[in-house]
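In: kindly return the folded structure for what I paste below:
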Amino acid sequence: MLPATRLASAALVASGILAIPALGEVKTFKSPLTPKAPYSGATRAGNLIFVGGIIGLESNGKKLVPGGITSEAKAAFNHVITMVKRAGGKRSDIAKCTILLSDIDYFPDMNEVFTSYFPASPPTRSTIVVPAIPMNAAIEVECTAIL
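Out: Got it, this is the predicted structure:
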């Protein structure tokens, strides 16, 4: 960042107009399910961990787990938690999740799985129904954790 930009950012933060946590060093972590993917499974920037685009893949990363929405949701949340841990966090650090569903009828089953993973003090969540998810998955999950 340029010194002038840092000065401007510091002035905005000091004035309360802009509140940004110190990002510090940015580190990326490959997913063990998709190690050759052209993106990171998780990125840690200071005290923030971003985990994006997790679908319910089998442990070899080649196909979806069998069993539909419930199985896919469990696999996706397990992998989100694995990636948060790889980046130095824990499940209780997850503050925000965005859920993509390929069908609104999956909402009750997804909600049941979500509640089982976050029974107390659940993260904030947005759920969006989309026309399609890669590999014809029923669900895709991204989460942000704060350490």
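
In: for the protein, which helix is longest?
Out: As far as residue count goes, and with DSSP state H defining each element, the longest helix of the chain is helix 69-86.

In: outside of that one, which residues touch it?
Out: For helix 69-86, the surrounding residues in contact (Cβ atoms under 8 Å, 6 or more residues apart in numbering) are 29, 31-33, 41-42, 49, 51, 54-58, 64-65, 90-91, 93-94, 97, 101, 106, 109-110, 112-114, 117, 137-143, 145. Every residue, glycine included, has its C-beta placed from N, CA and C.

In: that helix: which residues count as buried?
Out: Going by neighbour count (16 or more other Cβ atoms under 10 Å), the buried part of helix 69-86 is 69-77, 79-86.

In: take that helix, keep the C-alpha atoms, and write them as PDB.
Out: Taking C-alpha atoms only, helix 69-86 is exported to PDB below (Å, rounded to 0.1, in the frame of the first residue of the first chain):
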ATOM      1  CA  ILE A  69     -28.700 -32.500   0.300                       C
ATOM      2  CA  THR A  70     -28.200 -33.800   3.900                       C
ATOM      3  CA  SER A  71     -25.100 -35.800   3.000                       C
ATOM      4  CA  GLU A  72     -23.700 -33.000   0.800                       C
ATOM      5  CA  ALA A  73     -24.400 -30.400   3.500                       C
ATOM      6  CA  LYS A  74     -22.600 -32.400   6.200                       C
ATOM      7  CA  ALA A  75     -19.600 -33.000   3.800                       C
ATOM      8  CA  ALA A  76     -19.500 -29.300   2.900                       C
ATOM      9  CA  PHE A  77     -19.600 -28.100   6.600                       C
ATOM     10  CA  ASN A  78     -17.000 -30.700   7.600                       C
ATOM     11  CA  HIS A  79     -14.700 -29.400   4.900                       C
ATOM     12  CA  VAL A  80     -15.400 -25.700   5.800                       C
ATOM     13  CA  ILE A  81     -14.400 -26.500   9.400                       C
ATOM     14  CA  THR A  82     -11.300 -28.400   8.200                       C
ATOM     15  CA  MET A  83     -10.200 -25.400   6.200                       C
ATOM     16  CA  VAL A  84     -10.800 -23.000   9.100                       C
ATOM     17  CA  LYS A  85      -8.600 -25.200  11.300                       C
ATOM     18  CA  ARG A  86      -5.900 -25.400   8.600                       C
END
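
In: all good on my end, thank you.
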